[in-house]
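Asker: 3D, please:
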Amino acid sequence: MQQLSELEGNLKKIIEFGKRYTDIKELFELAVIENDTEVLNSCQIELHELVSILEDEEFKLQFNGKADDKSCYIEIHAGAGGTESQDWAQMLTRMYLRWAEKNNFKFKLIHEAIGDEAGIKSCTALIEGNYAFGYLKKESVNVWGFDLNKNPRQVRASIGIVPQEINLDAFFSPKKLLELQAGLYGIKKEDRITDLILKMVALEDKANAYSRSLSGGMKRRLLIAKAMVHQPPILILDEPTAGVDVELRNNLWKNVKQLNKEGVTIILTTHYLLDFLLLKFIKFIC
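Answerer: Okay, the predicted model is just below:
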């Protein structure tokens, strides 16, 4: 019965589409004869709308699965990556929320486990609307040329995340922290660039000092250094200037601009208008 109803609905759409096209065609021909520019422009707009509807219907023809026209649930898990993974899981949740809003779907958060320091450990959400499952099934994420489903390790290696919260081990030195971080990414000792990164963020003089002895600005720079140990082409900064004074903020942006000049793509979140004005080369997420 449901299948019959769907077929009747599709047939009705085809009939309405054909009628609308015929009306536009007749009106267009009449406007050409009378040289009516206003009507011609109106026909052009309506024709573009009709083409858009047709493309949308053609796209839906790909949804031939039994559940493609249904709503669906999504689950996001941070895994064992600590605060950085939990930050990324929260960002991914926001991306799905914006995707749902953009495509006129309802996004309902069913469950959320907050992270220990920042971000989330996991969440479950319901995306409601016709063909929600079909659309999500067809979606793919490509980061720096790598497909997330096929090459998840390469995708993670292409991204460095600097969390808003300072999550440094107070009893390790900056050099030791970077060496440990590089080890987590499986970078061989001979391929590590620890000293170069410390110099890049102006912490070479504090390489062997305890992290707890660093100033607030130095700790921020060390977070950036941690995110750069595997030399990712994309760097994500989450509110990097929160709670930082003017001098430290300027020094931080100096380092970020240098990274951008060296080819690193910078994506950041910020609520400071001054940051937006100073860093026009950066893509902002509101």
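
Asker: neighbours around P240, how many?
Answerer: Taking other C-beta atoms under 10 Å as the neighbour definition, P240 ends up with a count of 25. In short, each C-beta sits where N, CA and C put it, glycine included.

Asker: cool, and A80?
Answerer: Neighbourhood size, A80 [other C-beta under 10 Å]: 6.

Asker: Wasn't it part of a helix?
Answerer: No. Counting by DSSP: H, G, I helix; E, B strand; the rest coil, A80 falls outside a helix, being coil.

Asker: What's the separation between it and K70?
Answerer: Look at A80 and K70: by C-beta to C-beta, to the nearest Å, they are 32 Å apart.

Asker: And the helices in the stretch 1-150 of the chain?
Answerer: Counting by DSSP state H, counting those that start in this stretch, residue ranges of the helices within the stretch 1-150 of the chain are 2-34, 37-60, 82-102, 132-138.

Asker: Would you reformat these as a markdown table and include mean neighbour count?
Answerer: Conversion of those to a markdown table gives the following (neighbours: other C-beta atoms under 10 Å):
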| stretch | mean neighbour count |
| --- | --- |
| helix 2-34 | 11 |
| helix 37-60 | 12 |
| helix 82-102 | 18 |
| helix 132-138 | 19 |
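
Asker: Let me have the ones you listed in CSV, extended by distance to K257 and mean pLDDT.
Answerer: What follows is those, written out as CSV (distance: least, C-beta to C-beta, whole Å; pLDDT from 0 to 100):
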stretch, distance to K257, mean pLDDT
helix 2-34, 52, 80
helix 37-60, 41, 82
helix 82-102, 23, 87
helix 132-138, 37, 82
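
Asker: out of these, which comes closest to D191?
Answerer: D191 lies closest, by C-beta to C-beta, to one member of the helices of the stretch 1-150 of the chain: helix 82-102, at 21.0 Å.

Asker: who's in contact with the closest one?
Answerer: With contact meaning C-beta atoms under 8 Å, 6 or more residues apart in numbering, helix 82-102 is reached by 74, 76-79, 81, 106-107, 115-123, 125, 127, 129, 139, 159, 161, 163-165, 167, 227, 236, 238.

Asker: Quick check on the residues you listed: which are buried?
Answerer: Among the contacts of helix 82-102, those scoring as buried are 74, 76, 78, 107, 115, 118-123, 125, 127, 129, 159, 161, 163-164, 167, 227, 236, 238 (criterion: 16 or more other C-beta atoms under 10 Å).

Asker: Among the residues you listed, which lie within strands?
Answerer: 74, 76, 107, 120-123, 125, 127, 159, 161, 236, 238 (DSSP state E).

Asker: out of these, who's nearest L222?
Answerer: Distances from L222 to those, taken by C-beta to C-beta, are shortest for I161, at 14.1 Å.

Asker: Identify the residues contacting the closest one.
Answerer: Residues E84, D87, W88, A227, I236, D238 are the ones in contact with I161 under the rule C-beta under 8 Å, 6+ apart.

Asker: rerun at 7 Å
Answerer: Residues touching I161, when contacts are defined by C-beta atoms under 7 Å, 6 or more residues apart in numbering, comprise E84, D87, W88, A227, I236.

Asker: ok, now how distant is the first one from D238?
Answerer: In this case it means E84. With distances defined as C-beta to C-beta, the gap from E84 to D238 amounts to 10 Å.

Asker: wait, P174 sits on D205?
Answerer: No. At 10.1 Å, P174 and D205 do not qualify as touching, with contact defined as C-beta atoms under 7 Å.

Asker: neighbour count winner among the two?
Answerer: Between P174 and D205, counted using other C-beta under 10 Å, P174 has the larger neighbour count: 27 against 9.

Asker: Would you list the phi and psi of the more buried one?
Answerer: When quoted as degrees, to the nearest 10, the phi and psi of P174 stand at phi -50, psi -40.
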